[in-house]
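*Asks:* please find the sequence and the predicted model below.
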Amino acid sequence: MSGILIIGGGVAGTATGLALDRAGFEVTVHEAHPRAGADIGAFLTLASNGMQALAQLGAAAPVTGHGFPVTGMRFVDESGARLESVPLGEDDPLLRYRCMRRAELGAALQEEAHRRGVPIRYSSRLVSVEEDDKGVTARFADGSSATGDLLVGADGLRSAVRAHLDPAALPVYAGQSIFYGYTRDPAAGACLEPDTLTMVRGGRVLFGCLVSPLGETFWFARLRGPAVSAEEAAVTPPGTWRDRLVALLRPDRSPAADIVRATEDKLMVTNAVRLTSGIRWRSRRVVLVGDAAHAAPPATGQGASMAFEDAVVLAKALRDAPDRQAALDLYEHHRRPRAERNIAVSALLTASGPPDWISIANARGGRSTLRRLSHLDEGLLRLLDWATPLTV
């Protein structure tokens, strides 16, 4: 197989570049933004399955240099009283859950790609894709183009590559707006347990928070209601969002309102969106990975981890299958059921407002489903193990 083009230099695209490079393919990553792209500031949690996938690429160690481990999750009620605690992750330090800013994760992966000599072309915004029997050509907004044997769409939620494959497959609003914030006020995180995600069962807002080893409190709030428009998100000052959230949280006696009130300008808002199941993932020379294929609301915390699984499985499929079409068949066979299960679970949790979210997450079936997504059972370990050939 000749060169492979990857569209999108975020966490999914860069991980896919590392995977394909390790499998022996010539690969180039094309990123729409300049190298110093804007950081929207949101944070994420990498689960053990995502860390296991990175370990197969030799990239887990660079990532663990950022963020901090998360070894447990506790649920508290509106008064702050503990309802339940559950452990998270594996004993191996490289496989523990980790919380970090998305920009930190992206930078760690890009630094590793540069170290290994994986080319990343910045300011390469895709405008069209053309494929035929001889190859696939990507054309960019600056007038340049690139041709390869295969093109991987890793360009996220608003994927231009997905629009080429399935123009009708558009993300839909999942019913929640999501707020992210940070505060260094020591009083805000004083009641939180180290290395533990605290989920607050409040009256109107689902709230989660963690405190870093440096004393910075990371928090998110999910609010059901109409979507926040792009214009509203752009012009509304952080202080206005903060005051609205505090008013909603204040009737509860948990620490959530005080944590938000201690936040100054490090506050942002986005909307929870998802793709529907069954969209087209591939053609003869184009294939999707990550959010471009199976974006889900963040309720399960699996977005980046699922993308890293995609990277490993796609690289193994192209390495082990007899030809490109067989490889793409094999990739979709292994990835679609698991990725779409994550969409379904995330959608269920997102559609349920507090306190129902906690009830579903703690229900026997819901909790086991959440744990199955991240649990490194024998089948998932075999699927991700780099040395194990990929078969049907």
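*Replies:* Perfect, I can see it now.
*Asks:* neighbouring contacts of the helix or strand hosting Q52?
*Replies:* Using DSSP states H and E, Q52 sits in helix 48-56. Outside helix 48-56, the residues that touch it by Cβ atoms under 8 Å, 6 or more residues apart in numbering are 15, 46, 60, 63, 88-90, 94-98, 302, 304-309, 311-312, 373-376, 380-381, 384-386. Just so you know, the C-beta spots here come from the backbone N, C-alpha and C atoms, and that holds for glycine as well.
*Asks:* okay, buried residues for the helix or strand that comes right after that helix please.
*Replies:* Per DSSP H and E, the first helix or strand lying C-terminal to helix 48-56 is helix 60-64. Neighbour-count burial for helix 60-64, with 16 or more other Cβ atoms under 10 Å as criterion, is recorded at A60, V63, T64.
*Asks:* now, which of those residues sits nearest L349?
*Replies:* Closest approach between the buried residues of helix 60-64 and L349, by Cβ to Cβ: V63, at 25.8 Å.
*Asks:* which residue packs closest to that closest one, ignoring adjacent ones?
*Replies:* Distances taken as Cβ to Cβ, 6 or more residues apart in numbering put A108 closest to V63, at 5.1 Å, once the chain neighbours are dropped.
*Asks:* host element of the closest residue to L318 other than its chain neighbours?
*Replies:* Once flanking residues are discounted, L318 sits nearest to A327: 4.5 Å by Cβ to Cβ, 6+ apart. Per DSSP H and E: A327 is located in helix 324-351.
*Asks:* distance of T137 from A146?
*Replies:* 7 Å (Cβ to Cβ, to the nearest Å).
*Asks:* please apply the same query to E231.
*Replies:* Distance from E231 to A146, by Cβ to Cβ: 35 Å.
*Asks:* ok, the closest residue to R250 other than its chain neighbours - contacts?
*Replies:* Once flanking residues are discounted, R250 sits nearest to A257: 4.7 Å by Cβ to Cβ, 6+ apart. Going by Cβ under 8 Å, 6+ apart, A257 touches V246, L249, R250.
*Asks:* can you show me the CA trace of the longest strand anywhere in the chain as PDB?
*Replies:* Ranked by residue count and defined by DSSP state E, the top strand of the chain is strand 172-183. The C-alpha coordinates for strand 172-183 follow below in PDB (Å, rounded to 0.1, in the frame of the first residue of the first chain):
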ATOM      1  CA  VAL A 172     -27.800  16.300  16.400                       C
ATOM      2  CA  TYR A 173     -28.200  18.100  19.700                       C
ATOM      3  CA  ALA A 174     -28.400  15.600  22.500                       C
ATOM      4  CA  GLY A 175     -30.400  17.800  24.900                       C
ATOM      5  CA  GLN A 176     -27.800  19.200  27.300                       C
ATOM      6  CA  SER A 177     -25.500  22.200  27.300                       C
ATOM      7  CA  ILE A 178     -22.200  21.500  29.100                       C
ATOM      8  CA  PHE A 179     -20.100  23.900  31.100                       C
ATOM      9  CA  TYR A 180     -16.500  23.400  32.000                       C
ATOM     10  CA  GLY A 181     -14.500  25.400  34.500                       C
ATOM     11  CA  TYR A 182     -11.400  25.600  36.700                       C
ATOM     12  CA  THR A 183     -10.600  27.400  39.900                       C
END
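*Asks:* what residues of the helix or strand just after that strand count as buried?
*Replies:* Next along the chain after strand 172-183, taking DSSP H and E as the criterion, comes strand 196-201. Neighbour-count burial for strand 196-201, with 16+ other Cβ under 10 Å as criterion, is recorded at T196, L197, T198, M199, V200, R201.
*Asks:* what pairs with strand 196-201, parallel or antiparallel?
*Replies:* Note on strand 196-201: by DSSP bridges, its sheet partners are strand 72-76 (parallel), strand 206-211 (antiparallel).
*Asks:* quick one: the strands in the stretch 151-300 of the chain?
*Replies:* Ranges of strands in the stretch 151-300 of the chain, per DSSP state E, counting those that start in this stretch, are 172-183, 196-201, 206-211, 217-224, 267-274, 286-288.
*Asks:* give the closest residue to V392 in space, chain neighbours not counted.
*Replies:* In space, V392 is closest to H333, 6.3 Å off (Cβ to Cβ, 6+ apart).
*Asks:* what about the one you found, distance to A317?
*Replies:* Applying Cβ to Cβ to H333 and A317 gives a distance of 9 Å.
*Asks:* same question for M268.
*Replies:* Taken as Cβ to Cβ, the span from M268 to A317 is 37 Å.
*Asks:* more neighbours: which of those two?
*Replies:* Neighbour tally, M268 and A317, criterion other Cβ atoms under 10 Å: the higher count belongs to A317, 24 against 16.
*Asks:* and the helix or strand hosting that one, what other elements does it pack with?
*Replies:* In the assignment (DSSP H and E), A317 maps to helix 303-320. With contacts defined as 3 or more Cβ pairs under 8 Å, 6 or more residues apart in numbering; DSSP states H and E, helix 303-320 has these neighbours: helix 11-22, strand 43-46, helix 48-56, helix 291-294, helix 324-351, helix 378-384.
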